[in-house]
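A.B. asks: Sequence first, then the predicted structure, then my questions.
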Amino acid sequence: MPRFYQNKYPEVDQLVMVQVQSIEDMGAYVKLLEYDNIEGMILLSELSRRRIRSVQKLIRVGRNEVVVVMRVDPDKGYIDLSKRRVSAEEVVKCEEQYEKGKAVDSILTQVAKKRGVSPESLYEKIAWPLHKQYGHSYEAFKASISEPEAIFGPLTLDADTLSDLRQAIARRLTPKPVKVRADIEVKCFSYNGIDAIKRALSAGEALSTEEIPIKVRLVAPPLYVMSTTSTDKTGAIELMEKAVEVIGESIGKEKGDMTIKMKPKVVSETEDAELKALMEQFEAANMDVAGDDDSDEDDE
C-alpha cells in the first residue's frame, strides 16, 4: 500500500492505523498502513492503562489497531506509538479516516493499472493536492460526482486519465439504493373502520418525497407493509419512522389501533423475496380482506 498522505512520516499526536507484525519483550512491532508500511513500535508500557496480565489479550499479530504517535525520529527511522492514550471516540474517527484512505487508494490503484503508471505518480498529481484543498481527497472525489469541472479542472490531467478516474469514482462512490421496510398492523372496528384505515395509511404515504417515495401495501388483514427505496439510507429510515408515527396518530383519533411488527430498517433481497412470496400466497388463496379496495362492496 503506498503512502496515503504527502508527508513521509506522521506527526506527533496524530492518530494512525497500524497492523501488528510481531510481539517482543519491549513491545509490539507494527507497520503503519497509511504510510507505505513503514515500521513503528508500541512500547509495552503504552499498550494499556491497566496492569498487563496477558499481552495476547491486548494485542494480536495480524490485527489492525488505532494508535497515537508519541515520537518520530526520521534519521533513525524510529516511530514510537501508544495504544493506551487513544479514546474510543478517536478509534472511530481514525477508522473512518482509514476507510476513506482505502477507498481513494483502491480508485487510484485501479486507474494506475489501466493507464500503466505507478499509483505514487497519481497520488502526487491527484490525491495529495486535493487532500490539501478539501481536507481529504475522498471528500473531493465524492463532490466530483456532481461537480467534475470544479474539482478536477485545476489539476490539468490528460483526457484519458480523467475519464478513467471519473469512471472508477462513479463505480466506487456513487451511493447504492437501499430498501427500507416497516411492518405494521392497523385495526379499526368503528362503523367507518375501513375508511379510517385508508385515511391513516394515506397520511403516511403523503410524507413521500421525490427522493424517498413511501408505499403501503396490504399483506393480509390487519398486516400492512410500508417500503421505500432510496440512496439516502438515514433519511429513508427517519422519514419512514415519521410516517409510522403519523399512521398511528391518525388511526388513534378514529378509535383504531396500530401495532409495529417491524420497525423501519434496511432489508436484504432475501427478506424482500420472502415477503413477495408471502403476498403471492395470500393472493393465490383469493382471500376477501377488510381494508382492501374490493371490500367496499361488502359494506353495502
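C.D. replies: Noted; the coordinates are in hand.
A.B. asks: so where's the stretch 51-200 of the chain uncertain?
C.D. replies: Filtered on pLDDT under 70, the stretch 51-200 of the chain yields the residue ranges 51-57.
A.B. asks: Make sure Leu130 is actually in contact with Ala150.
C.D. replies: No - Leu130 is not in contact with Ala150 according to CB atoms under 8 Å; the separation is 11.6 Å. Where C-beta positions appear, they are placed from N, C-alpha and C, glycine not excepted.
A.B. asks: Between those two, point out the one with more neighbours.
C.D. replies: Neighbours were counted for Leu130 and for Ala150 using other CB atoms under 10 Å; Leu130 has more, 23 against 11.
A.B. asks: ok, that one to Leu108 distance?
C.D. replies: Distance, Leu130 to Leu108, by CB to CB, to the nearest Å: 11 Å.
A.B. asks: One more: Ala236?
C.D. replies: Taken as CB to CB, the span from Ala236 to Leu108 is 31 Å.
A.B. asks: Leaving out sequence neighbours, find the closest residue to the most centrally placed residue in the chain.
C.D. replies: Nearest to the geometric centre of the chain sits Lys233, at 8.4 Å (CA atoms, centre = their mean). Spatial nearest neighbour of Lys233, chain neighbours left out: Val178 (5.0 Å); criterion: CB to CB, 6 or more residues apart in numbering.
A.B. asks: Go through the biggest helix by length in the chain and flag the buried ones.
C.D. replies: Assignment by DSSP state H gives helix 88-115 as the longest helix of the chain. The neighbour-count check on helix 88-115 (16 or more other CB atoms under 10 Å) flags 91, 94, 97-98, 100-105, 107-112 as buried.
A.B. asks: and the residue nearest to Lys233, bridged to which residues?
C.D. replies: Ser230 (DSSP bridges).
A.B. asks: pretty sure it contacts Ser230?
C.D. replies: Yes - contact criterion CB under 8 Å: Val178 and Ser230 qualify, at 6.8 Å.
A.B. asks: quick one, which of those two is more surrounded?
C.D. replies: Neighbours were counted for Val178 and for Ser230 using other CB under 10 Å; Ser230 has more, 22 against 17.
A.B. asks: Might you report the residue contacts of that one?
C.D. replies: Under the criterion of CB atoms under 8 Å, 6 or more residues apart in numbering, the contact list for Ser230 reads Pro177, Val178, Val180, Glu211, Ile212, Pro213, Ala236.
A.B. asks: Just the ones in strands from those residues, please.
C.D. replies: Among the contacts of Ser230, the members falling in strands (DSSP state E) are Val178, Val180.
A.B. asks: how close does Lys261 sit to Asp183?
C.D. replies: 4 Å.
A.B. asks: Between those two, which contacts overlap?
C.D. replies: Common neighbours of Lys261 and Asp183 (CB under 8 Å, 6+ apart) are Leu223.
A.B. asks: Neighbour count: those two, which is higher?
C.D. replies: Shown here are Lys261 and Asp183; by other CB under 10 Å, Asp183 has more neighbours (19 against 13).
A.B. asks: that's a helix at the more buried one, yeah?
C.D. replies: No - assigned with DSSP: H, G, I helix; E, B strand; the rest coil, Asp183 falls outside any helix and is strand.
A.B. asks: Tell me if I'm right that it and Val225 touch.
C.D. replies: Yes - Asp183 is within contact range of Val225, at 5.5 Å (criterion: CB under 8 Å).
A.B. asks: and for those two, which residues touch both?
C.D. replies: Contact criterion CB under 8 Å, 6+ apart; residues shared by Asp183 and Val225: Val219.
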